[in-house]
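K.L.:
Here is the input, now give the coordinates:
(4 chains)
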Protein chains: 4
Amino acid sequence: MIAVLKPGATPEQTEHLINWLRRMDLQVHRSEMQNITVLGLIGDTAHVDPELLKNLEIVETVQRISEPFKQSNRKFHPNDTIVEIGNIRIGGGYFAMIAGPCSVESEEQIVGIARAVKESGADILRGGAFKPRTSPYAFQGMKGEGIRLLELAKQETGMPIITEIMNINDLPLYENVDVIQIGARNMQNFDLLKELGRTRIPVLLKRGLSNTLEELLMSAEYIMSEGNEQVILCERGIRTFETATRNTLDLSAVAALHHLSHLPVVVDPSHGTGKACLVPSMALAAAASGADGIMVEVHNDPGHALCDGAQSITPDQFLELNQKIQRVREAIL
Amino acid sequence: MIAVLKPGATPEQTEHLINWLRRMDLQVHRSEMQNITVLGLIGDTAHVDPELLKNLEIVETVQRISEPFKQSNRKFHPNDTIVEIGNIRIGGGYFAMIAGPCSVESEEQIVGIARAVKESGADILRGGAFKPRTSPYAFQGMKGEGIRLLELAKQETGMPIITEIMNINDLPLYENVDVIQIGARNMQNFDLLKELGRTRIPVLLKRGLSNTLEELLMSAEYIMSEGNEQVILCERGIRTFETATRNTLDLSAVAALHHLSHLPVVVDPSHGTGKACLVPSMALAAAASGADGIMVEVHNDPGHALCDGAQSITPDQFLELNQKIQRVREAIL
Amino acid sequence: MIAVLKPGATPEQTEHLINWLRRMDLQVHRSEMQNITVLGLIGDTAHVDPELLKNLEIVETVQRISEPFKQSNRKFHPNDTIVEIGNIRIGGGYFAMIAGPCSVESEEQIVGIARAVKESGADILRGGAFKPRTSPYAFQGMKGEGIRLLELAKQETGMPIITEIMNINDLPLYENVDVIQIGARNMQNFDLLKELGRTRIPVLLKRGLSNTLEELLMSAEYIMSEGNEQVILCERGIRTFETATRNTLDLSAVAALHHLSHLPVVVDPSHGTGKACLVPSMALAAAASGADGIMVEVHNDPGHALCDGAQSITPDQFLELNQKIQRVREAIL
Amino acid sequence: MIAVLKPGATPEQTEHLINWLRRMDLQVHRSEMQNITVLGLIGDTAHVDPELLKNLEIVETVQRISEPFKQSNRKFHPNDTIVEIGNIRIGGGYFAMIAGPCSVESEEQIVGIARAVKESGADILRGGAFKPRTSPYAFQGMKGEGIRLLELAKQETGMPIITEIMNINDLPLYENVDVIQIGARNMQNFDLLKELGRTRIPVLLKRGLSNTLEELLMSAEYIMSEGNEQVILCERGIRTFETATRNTLDLSAVAALHHLSHLPVVVDPSHGTGKACLVPSMALAAAASGADGIMVEVHNDPGHALCDGAQSITPDQFLELNQKIQRVREAIL
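P.N.:
Model prediction:
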């Protein structure tokens, strides 16, 4: 971390600052450049808040050199992390197709879709049991019963299952879930992140609606620093002023995250666009951008889904998409 | 709710849709305007997802007429809600100054600041015990011990206390807390909202970094629909592309929320700007915009605060600010 | 356009509004749905400002049914527009690679790069002569001399050239330019748009940093309504809170624009990301999303470019990218 | 400017970089801090593009120390600039009320409103003659005739007039205009800025919809560096995801600009909110935040204004607002 002092800083103030920094176990290298004093802070700067430092009366600017995320940082772990989910792998060249309905609605529905998406090439079954809804008056999901039905669909098809958690206290219900999803709204629910960090269940961590990539990686860090290294990052669209799409899917996040981190990156074009007609194009674009997987909503009857039907595609569309994605992945090798 | 059908909708499709809507306990009025069919949906449309409706193949557009929030809606409760906190009131013409440090750091610190802000005119003491931090490596607050120290400061000064909750399971620790704060990152932590809705402790609900006012009101609805009507809304800045301030404080939210809702609205210019030098101007602007209270960080030693010192003002600045705010409030009557 | 009136509207007010709308040459269909009056406005509503209508005291909501753009609207022109630039075509299945330096710097530089990118498969040469720079103290381009050098490079290589215009009065300088670019900052410089609408030179219209797709199409409409139908739309990134990339490239814009409009859509991943290391991934993603062309900065010496070198790739990288793009385009057929 | 090199930089690369920087007339101070090399660049760094520097293979980070704006910078001109418009002053403690209709529509209208707002305390008359409209099919203003009518209203009332320019070639029409407005969409129309810089007519420069404060000041710099120092900055709302208001009025911009610059800052709550009902609150908040003036739309018949009627207040509301603003200004002294 580099701190540049203001021209007017007195020697006493400078000395006082340097002593304070040293008490934080940092080595401080001082350099005078004409009327500017530059301090180089060496050591574990991850716990130093640059905002705080900037506030000090005599400090002009502060610049981090090393990123504040460690465990998810590619600099320290150059090799891609491969997350294993049953016999499915994500990352390091392995690509997974995650598909299923927005919400679990009934046994018939979830088992039916599970079979359909498996036939169409899906690797993992998704489906919401606990649903985070903006309105308390909207359908909140089948909850525990929804997880039971997902487990049934897993038995019937052999596909691993992924579903979202919203409440720490529900964790016992997820015992047979293969990947636990942290939704966008909970990306910075730090207690939930830590709790999942103490399990060994793979976590799919969705980027919050207005969170930066650095913040996403810091949230991954909450999970990893508790010991669970099985983290999959998920880009699902950020909130902007654009109204033609529900969110703005930020595909540059895929390449940027791959530069910064060794963790696999999955893209959710269904929530990212909010429109079924845009899902196939964006799924192909995600694959071309280097994503390690796609998570897409598939429904056997989009018109009547209890929620988010507007962004679901049919099994037939999914099959065709899947074939094209394989070709795109070969094309970019 | 008004739904406009596409010109190509067949009579069968239209009939099918109308029947489906009627099964949702809605009255459906149908009107033909040249080649356009317009459906007026009357009844409890709060549980109807407009996105879902828009998705139906034959639907062109959907427009809500009534807002989806009920309990917080001024239309149904024209009178301002006044939240009572000990002998302090917020809303309906009552204005409260909430002040204190970002974090509770020690008995000496919190009691010292409590006395200082009380003398300078503060009504309620704020201080973070559980701190939501982007980084797992940063100071996470004194937790339970911090709440104990806040209670001590309350005993010493007689001021009610407000502090943030992050985890449902910590609720028993907040027994003697006068106002529980939901932070921006937890604005859509729906389980936490519902749990607080089951208490009768006043809740200060902060707007999320990229949440709309409607979403803020829907989150208030989560609390109120469980029975707790003591909700204070808080504008604390939204995330934009601007870099001169940490966030962009949206003061039009104050007037807009007062139009939409009967709940009191408080402004936090400390988090909203992230810079101590901008806090007084924005606090005055907030008062002029009609806010029912200001929540501001005050620190006896801004340069050495463990977190967010950059945005804290001194007790002397707070005293001067307080006096100006009183004058501004008289000026706008 | 559908207008819903407030429950309290009196018959006189309603009558007055209907008469006012009829004077705007609109047919007004009126429908009563319980206590709600719905007006259907039929006719040329493109010149009606929905905001104005919403303001009327008795109006609750207004909803457009038909988009306000006509000439660029796919509904009225289902077939893709193909823009012809010399013997190069863009749109309707034709894909073009546009490449070159950010700025024209010297004869040696531009002719050198032109030859290099032509060999690597570029179809059109790009290069800035007039440079819109945030700072008046920064290099503003070689201006007229820069255009002359581009013409020289065109003679040497046979490649059509594209370059940006900033000032109506410079139009005579662009006589031999094959495509005139409107930069993001000038997307709503309406006089410039109209002036180019009066020429028959193809225009590449870049989306503004915070403009919606509808606004982009309305700007295209400014050009087209003056008679010039040779418009190419260009997505080049929007401004968000994210800092890991210079802008957020919105690739869903490609598919969304193709749904809304018949005009070709080109993507500029160089400005869209601001980082050379992200350009290839995003160019491939753009191709996979269905873009009709890619505009990319190529420099023979990225480290020393006078501007925007940070986002330029080398001719070798461009050659490799070009080959992959061809394969991706085949993969998505 | 401080540049931090990557750990792997070879001595040759470092030497090469330092020589290149010295050829740009910069003094380069080099400092080794353990394995990190820090370069301090002294001299006129305003023309150095930090993005370019960052791109160099061996550079880790670059940090500006001095702001890139000079003429508008408070550091070099500590005293507030006071812009004189006839006998009206703005800045340095002088406050101006600018009022009038969105568009000039007829002699009767503009003279009528001019008289009404003058009586209600307005200092300067505003009114659009050339209107930047998103749609080519919308009313584009009365153009030259509109300016003539504004001049007439000026003669009738003695009030100075302010109106927007969109096209350099229209400048001769503005000979008798007292303040020329640059609209948000033209904030980075650099040729227009430069041209106005060559006049001595005061310029009101509106912030673009997604522009940062630094960019606003750089645009002021375009005007000032050509010799025209009579620049008034105007905050008029930025574009965000919020839909309850048309834009998000960023009042922290007022205080932040006053810290950074000596130029006066005016706020436009009409465009900033887009809703007449929010205008008074936000005008008061703007005054409390320290603004040097308010620009507000006033219409004698809001319901029938040809454009932007939705955000206009009546002369009576303006009178009341004016009185409150005076009181707020006294309150914050």
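
K.L.:
From now on I want contacts and neighbour counts done on CA atoms only, so please keep to that.
P.N.:
OK.

K.L.:
Would you enumerate the residues in contact with the residue in the stretch 151-300 of chain A that chain D sits nearest to?
P.N.:
Across the stretch 151-300 of chain A, no residue is closer to chain D than A:Phe241, which sits at 4.4 Å (CA to the nearest CA). Neighbouring residues of A:Phe241 by CA atoms under 8 Å, 6 or more residues apart in numbering or on different chains: C:210, C:212, D:239-242.

K.L.:
What is the three-state secondary structure of A:Ala244?
P.N.:
State at A:Ala244, reduced to three classes by DSSP: H, G, I helix; E, B strand; the rest coil: coil.

K.L.:
my read: it touches C:Leu213, true?
P.N.:
Yes - using CA atoms under 8 Å, A:Ala244 is in contact with C:Leu213, at 7.0 Å.

K.L.:
Have a look at the two and say which one is more surrounded.
P.N.:
Remark: of A:Ala244 and C:Leu213, C:Leu213 carries more neighbours, 22 against 18, as counted by other CA atoms under 10 Å in any protein chain shown.

K.L.:
and the more buried one, what does it touch?
P.N.:
Taking CA under 8 Å, 6+ apart, we find C:Leu213 in contact with A:242, A:244, C:207, C:253, C:257.

K.L.:
Surely the first one and C:Glu215 touch.
P.N.:
No - when contacts are counted by CA under 8 Å, A:Glu242 is not listed as touching C:Glu215 (10.2 Å).

K.L.:
Helix or strand next in line after the helix or strand encompassing A:Ser219, which one?
P.N.:
Per DSSP states H and E: A:Ser219 is located in helix A:213-224. Once the chain leaves helix A:213-224, the next helix or strand it forms, by DSSP H and E, is strand A:231-235.

K.L.:
Other residues contacting the next helix or strand after that next one?
P.N.:
For strand A:231-235, the following helix or strand on the C-terminal side (DSSP H and E) is helix A:252-260. Contacts to helix A:252-260, defined as CA under 8 Å, 6+ apart, come from residues A:73-75, A:213, A:235, A:264-266, A:286, A:289-291, C:244-245, C:248-249, C:273, C:278, C:281-282.

K.L.:
circling back: out of the contacts of A:Phe241, who's nearest D:Gly121?
P.N.:
Taking CA to CA as the measure, D:Gly121 lies nearest D:Arg239 of the contacts of A:Phe241, at 31.0 Å.

K.L.:
which ones are touching the closest one?
P.N.:
By CA under 8 Å, 6+ apart, D:Arg239 lies in contact with A:241, C:210, D:209-210, D:246-248.

K.L.:
That one and D:Leu249, how far apart?
P.N.:
Counting by CA to CA, to the nearest Å, the gap from D:Arg239 to D:Leu249 is 9 Å.

K.L.:
for A:Thr134, helix, strand, or coil?
P.N.:
The local conformation at A:Thr134, judged by three-state DSSP, is coil.

K.L.:
Now do it, the pLDDT please.
P.N.:
Looking at A:Thr134, its pLDDT is 91.

K.L.:
Contacts only, for it.
P.N.:
A:Thr134 makes contacts with B:188, B:215, B:218-219, as judged by CA under 8 Å, 6+ apart.

K.L.:
TSV please, covering those and showing pLDDT.
P.N.:
TSV is the format used below for these (pLDDT from 0 to 100):
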residue	pLDDT
B:Gln188	97
B:Glu215	97
B:Met218	97
B:Ser219	98
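
K.L.:
Please work out how many residues are found near the residue of the stretch 1-150 of chain A found nearest chain C.
P.N.:
Going by CA to the nearest CA, chain C is nearest to A:Glu67 of the stretch 1-150 of chain A, at 11.9 Å. Number of residues near A:Glu67 (other CA under 10 Å) recorded here: 14.

K.L.:
So it, which state does it fall into?
P.N.:
Under three-state DSSP, A:Glu67 falls in the coil class.

K.L.:
okay, now A:Ala283: neighbour count?
P.N.:
Count around A:Ala283 with other CA under 10 Å applied: 27.

K.L.:
any idea which helix or strand carries it?
P.N.:
helix A:279-288.

K.L.:
Distance from that helix to the middle of the chain?
P.N.:
Chain-centre distance of helix A:279-288: 18 Å, with CA atoms, centre = their mean, to the nearest Å.

K.L.:
Equivalent analysis for stretch A:237-249, please.
P.N.:
Taking mean C-alpha positions (CA atoms, centre = their mean), stretch A:237-249 and its chain are 17 Å apart.

K.L.:
for stretch A:107-114, same thing?
P.N.:
Distance, centroid of stretch A:107-114 to centroid of chain: 27 Å (CA atoms, centre = their mean).

K.L.:
In CSV, could you pull the C-alpha coordinates for that stretch?
P.N.:
Provided in CSV are the C-alpha atoms of stretch A:107-114 (Å, rounded to 0.1, in the frame of the first residue of the first chain):
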residue,chain,number,x,y,z
GLU,A,107,-43.5,-33.4,-7.6
GLU,A,108,-44.8,-33.8,-11.1
GLN,A,109,-43.3,-30.5,-12.2
ILE,A,110,-39.8,-30.9,-10.8
VAL,A,111,-39.4,-34.6,-11.7
GLY,A,112,-40.8,-33.8,-15.2
ILE,A,113,-38.4,-31.0,-15.8
ALA,A,114,-35.5,-32.9,-14.3
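
K.L.:
And the contacts of that stretch?
P.N.:
With CA under 8 Å, 6+ apart, stretch A:107-114 has contacts from A:100-101, A:104, A:125, A:127, A:149-150, A:152-153, A:156-157, A:298-300, A:315.

K.L.:
Ok, stretch A:202-210 next?
P.N.:
Residues contacting stretch A:202-210 (CA under 8 Å, 6+ apart): A:83, A:85, A:178-188, A:196, A:213, A:216, A:220, A:228-239, B:209-210, B:239, C:241.

K.L.:
end-to-end on that stretch?
P.N.:
Span of stretch A:202-210 from end to end, CA to CA: 24 Å.

K.L.:
chain center to that stretch: distance?
P.N.:
In this view, stretch A:202-210 has its centroid 3 Å away from the chain centroid, taken as CA atoms, centre = their mean.

K.L.:
which residues of chain A fall in helices?
P.N.:
A:11-23, A:50-55, A:107-119, A:144-157, A:190-197, A:213-224, A:252-260, A:269-273, A:279-288, A:315-331 (DSSP state H).

K.L.:
Could you list the alpha-carbon positions for the fifth one in PDB?
P.N.:
Extracted as PDB, the C-alpha positions of helix A:190-197 are listed here (Å, rounded to 0.1, in the frame of the first residue of the first chain):
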ATOM      1  CA  PHE A 190     -21.800 -12.200   6.100                       C
ATOM      2  CA  ASP A 191     -23.100 -14.500   8.900                       C
ATOM      3  CA  LEU A 192     -24.600 -16.700   6.300                       C
ATOM      4  CA  LEU A 193     -21.300 -16.800   4.300                       C
ATOM      5  CA  LYS A 194     -19.300 -17.700   7.400                       C
ATOM      6  CA  GLU A 195     -21.700 -20.400   8.300                       C
ATOM      7  CA  LEU A 196     -21.400 -22.000   4.800                       C
ATOM      8  CA  GLY A 197     -17.700 -21.600   5.100                       C
END
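
K.L.:
and it, how far out from the chain's middle?
P.N.:
From the chain centre to the centre of helix A:190-197 is a distance of 14 Å (CA atoms, centre = their mean).

K.L.:
ok, now the third one?
P.N.:
Using CA atoms, centre = their mean, the distance from the centre of helix A:107-119 to the centre of the chain it belongs to is 26 Å.

K.L.:
Can you point out the buried residues in it?
P.N.:
Within helix A:107-119, the residues scored as buried using 16 or more other CA atoms under 10 Å in any protein chain shown are A:107, A:109-111, A:113-118.
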